[in-house]
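Asks: I need the structure of the sequence given here:
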Amino acid sequence: MTAATITVEQVAAQATRVRERIAAVGGEPESIRVIAVTKGFGPEVVQAAVGAGFGDIGESYAQELLTKAEAVSAPSTTVHFVGRVQTNKVRKIAALVDLWHSIDRVALGTEVAKRSPGAAVLAQVNLSGEPSKAGCRPDEVRDFVATLRDLGLDVQGLMTIGPRGEPEAARPAFRTLRRMADELELETCSMGMSNDLEVAVEEGTTMVRVGTALFGPRPRTAEVEH
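Replies: Here you go, the predicted structure:
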């Protein structure tokens with residue numbers, strides 16, 4: 001597939017394969033939300049995903065989401081912001097985002113609460129220890145969740161990104177995130193992507209963020225936001 005030729009039928013076929021992968025490791029495809037991450041692709045790919053039955057669309061960059069505002073505005077579409085974002089860009093996209101996956105610091109939570117009171121959020125946890133990855137430290141999670149709630153945000157769960165390397169390397173992080181969510185009585189675990197979704201399913205994910213497995217390689221280098 002190339003960005004110019006991605007069709008509804010192709011996305012639907014790839015979605016079937018993703019759900020087969022989930023089922024093959026004992027997951028229940030109907031109980032695990034597959035977030036179709038369309039970063040790097042244009043509005044036409046969002047439209048193909050929606051046409052293929054995806055109600056959950058993931059975006060990582062504020063400016064890119066703004067260019068797709070019309071494409072993601074269908075009443076049946078839930079917009080997941082899954083990437084890092086500067087606090088000064090929150091106001092531009094707050095009206096478009098239904099669930100913020102990557103709340104990693106108090107300043108960002110404060111800005112989201114200001115621009116979208118009561119917003120649904122996930123607290124991002126850095127369980128790989130990699131400095132390049134965002135997220136609060138594991139020992140900060142309980143206090144961080146409490147702070148976000150004090151800001152009036154609806155903390156629905158936790159999110160993490162697996163370490164680089166082989167999929168199996170992500171298992172300890174995913175297992176820890178599931179345990180943390182259970183201890184905090186949070187329902188949502190957003191963990192697992194195209195490469196490591198099987199491990200995430202085995203460790204109890206409730207959401208997987210999938211781009212490459214649905215649409216192929218990204219057609220262009222996406223912008224970087226921190």
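Asks: going forward, measure contacts between C-alpha atoms and count neighbours the same way
Replies: Fine.
Asks: what residues are up against the closest residue to S128 other than its chain neighbours?
Replies: Spatially, and ignoring its direct neighbours in sequence, S128 is nearest to P163 (5.4 Å; CA to CA, 6 or more residues apart in numbering). For P163, the contact set (CA atoms under 8 Å, 6 or more residues apart in numbering) comprises 128, 130, 169-170.
Asks: what's the answer for V121, then?
Replies: Contacts of V121 (CA under 8 Å, 6+ apart): 99-103, 153-157.
Asks: same thing but 10 Å
Replies: 80-81, 97-103, 109, 112-113, 145, 148-149, 153-159 (CA atoms under 10 Å, 6 or more residues apart in numbering).
Asks: for the helix or strand that P172 is a member of, which residues meet the burial criterion?
Replies: Using DSSP states H and E, the element containing P172 is helix 171-183. Buried residues in helix 171-183, counted by 16 or more other CA atoms under 10 Å: 171, 173-175, 177-178, 180-181.
Asks: report the inter-axis angle for the helix or strand following that helix versus helix 171-183.
Replies: Counting by DSSP H and E, the element after helix 171-183 in chain order, helix or strand, is strand 188-193. Between the axes of strand 188-193 and helix 171-183, defined by axes from the mean of the first three to the mean of the last three CA atoms, to 10 degrees, the angle is 170 degrees.
Asks: I'd say S73 and V79 touch.
Replies: Yes: taking CA atoms under 10 Å as the definition, S73 is a contact partner of V79 at 8.6 Å.
Asks: low-confidence ranges in this structure?
Replies: 1-4, 131, 220-226 (pLDDT under 70).
Asks: alpha carbons only: can I get the longest helix along it in PDB?
Replies: Of all the segments assigned as helix in the chain under DSSP state H, the longest by residue count is helix 8-24. Presented in PDB, the C-alpha positions along helix 8-24 are these (Å, rounded to 0.1, in the frame of the first residue of the first chain):
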ATOM      1  CA  VAL A   8     -11.400   1.300   2.400                       C
ATOM      2  CA  GLU A   9     -11.100  -2.300   1.300                       C
ATOM      3  CA  GLN A  10      -7.400  -2.500   2.000                       C
ATOM      4  CA  VAL A  11      -7.800  -1.000   5.500                       C
ATOM      5  CA  ALA A  12     -10.600  -3.400   6.300                       C
ATOM      6  CA  ALA A  13      -8.500  -6.300   5.200                       C
ATOM      7  CA  GLN A  14      -5.600  -5.100   7.300                       C
ATOM      8  CA  ALA A  15      -7.900  -4.600  10.300                       C
ATOM      9  CA  THR A  16      -9.100  -8.200  10.000                       C
ATOM     10  CA  ARG A  17      -5.400  -9.300  10.200                       C
ATOM     11  CA  VAL A  18      -4.900  -7.200  13.300                       C
ATOM     12  CA  ARG A  19      -7.900  -8.700  15.000                       C
ATOM     13  CA  GLU A  20      -6.700 -12.200  14.000                       C
ATOM     14  CA  ARG A  21      -3.400 -11.400  15.700                       C
ATOM     15  CA  ILE A  22      -5.200 -10.400  18.800                       C
ATOM     16  CA  ALA A  23      -7.300 -13.500  18.800                       C
ATOM     17  CA  ALA A  24      -4.300 -15.800  18.100                       C
END
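Asks: ok, which stretches of the chain are helices?
Replies: Counting by DSSP H, the chain has helices at residues 8-24, 43-51, 62-67, 90-93, 106-115, 141-150, 171-183, 197-202, 212-215.
Asks: want to try TSV for the ones you listed, with distance to I35 as columns?
Replies: Shown next, in TSV, are the helices of the chain (distance: least, CA to CA, whole Å):
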stretch	distance to I35
helix 8-24	11
helix 43-51	10
helix 62-67	15
helix 90-93	18
helix 106-115	21
helix 141-150	23
helix 171-183	17
helix 197-202	12
helix 212-215	10
